[in-house]
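Participant: Mind folding the following:
(chains A and B)
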Amino acid sequence: SQKIEQNSEALNIQEGKTATLTCNYTNYSPAYLQWYRQDPGRGPVFLLLIRENEKEKRKERLKVTFDTTLKQSLFHITASQPADSATYLCALDGGGSQGNLIFGKGTKLSVKP
Amino acid sequence: DVKVTQSSRYLVKRTGEKVFLECVQDMDHENMFWYRQDPGLGLRLIYFSYDVKMKEKGDIPEGYSVSREKKERFSLILESASTNQTSMYLCASIPGLAGDNEQFFGPGTRLTVL
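Facilitator: Residues are numbered from 1 along each chain as shown, chains lettered A, B, ... in the order given. As a prediction, the model looks like this:
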């Protein structure tokens, strides 16, 4: 079965730096990969989706890359701010046609002023 | 704006009680999902539904059942609550049958079983 790993449980960086979060998967190549943000006590909120034929996607200060050879996605937040502090979840398509996702355990990002 | 609402933010129940968690979405989405989220284990899929009265087991369906009598409402039922079902429960929905849509999540219900 598909396994998904987000390498760091926690990442601490200084305000203004670029945060880079990693998502690795084993087994089959997903048709797409999604990134979500989750604040404490709240449901996840969708940020970006990248498909298997796309190398990179950007949205404002966010950038996602997808390397199907390395079986890895990188999620970057440039010019990070304390308000970016949250848990970030990577999710892969579950292999079905109903929109099932397999979620990683998340990386908790803390941006210090 | 899509809105997914869950009936309670916090719930405390006793072992053996039957528990109903309700989820309602207001955007005519076909597919709805129930997850539980635990520290160190992440989000795990319990059940999902792709149409009224249709349901599919997720990764951890044991001890749970679901009901979808109307398109906008998806209920999670704990037949006989146990302490190991203490968790954060999250409902989500997606539009259409295409698989690559973003999931819209509700705010979550933190359930404690004593």
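
Participant: Contact residues of chain A facing chain B?
Facilitator: Taking CB under 8 Å from any CB of the partner chain as the contact definition, chain A meets chain B at A:31-32, A:34, A:36, A:41-46, A:49, A:51, A:89, A:91, A:93-94, A:96-101, A:103-106. Quick note: C-beta positions are derived from backbone N, CA and C, even for glycine.

Participant: Can you turn the buried part of those residues into a ChimeraX selection?
Facilitator: The ChimeraX command for the buried members of the residues of chain A next to chain B (criterion: 16 or more other CB atoms under 10 Å in any protein chain shown) is given here:
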select /A:32,34,36,42,43,44,46,49,89,91,93,94,98,99,100,101,103,104,105,106
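
Participant: before we move on, what SS does A:A83 have?
Facilitator: Classification of A:A83 using DSSP: H, G, I helix; E, B strand; the rest coil returns helix.

Participant: What sits closest to it if chain neighbours are left out?
Facilitator: A:V111 (7.9 Å; CB to CB, 6 or more residues apart in numbering or on different chains).

Participant: Repeat that for B:L114.
Facilitator: B:R14 (5.5 Å).

Participant: so who does the one you found touch?
Facilitator: B:81, B:113-114 (CB atoms under 8 Å, 6 or more residues apart in numbering or on different chains).

Participant: chain center to whatever helix or strand B:K55 lives in, what's the gap?
Facilitator: Under the criterion of DSSP states H and E, B:K55 resides in strand B:54-57. Here strand B:54-57 is found 12 Å from its chain centre; the criterion is CA atoms, centre = their mean, to the nearest Å.

Participant: name the helices or strands packed onto that strand?
Facilitator: strand B:42-51, strand B:64-70 (3 or more CB pairs under 8 Å, 6 or more residues apart in numbering or on different chains; DSSP states H and E).

Participant: what's the helix or strand for the residue in chain A that chain B sits nearest to?
Facilitator: Relative to chain B, the nearest point of chain A is A:G43 (3.2 Å; CB to the nearest CB). Using DSSP H and E, A:G43 is not contained in any helix or strand.

Participant: thinking it is in contact with B:G106, fair?
Facilitator: Yes - using CB atoms under 8 Å, A:G43 is in contact with B:G106, at 5.4 Å.

Participant: tell me, what's touching those two both at once?
Facilitator: Joint contacts of A:G43 and B:G106 (CB under 8 Å, 6+ apart) are B:4, B:90, B:92.

Participant: Which one of those residues is nearest to chain A?
Facilitator: When these are compared for distance to chain A (CB to the nearest CB), B:L90 comes out closest, at 5.3 Å.

Participant: Adjacent strands (with direction) for the helix or strand that contains the closest one?
Facilitator: Assigned by DSSP H and E, B:L90 falls within strand B:87-94. Strand pairing for strand B:87-94, using DSSP bridges, gives strand B:31-38 (antiparallel), strand B:104-105 (antiparallel), strand B:109-113 (antiparallel).

Participant: Correct me if wrong, but B:C23 is in a strand.
Facilitator: Yes - according to three-state DSSP, B:C23 belongs to a strand.

Participant: could you pull out the strands for chain A?
Facilitator: A:4-6, A:10-14, A:19-25, A:32-38, A:45-51, A:56-59, A:62-67, A:72-77, A:86-93, A:101-103, A:107-112 (DSSP state E).
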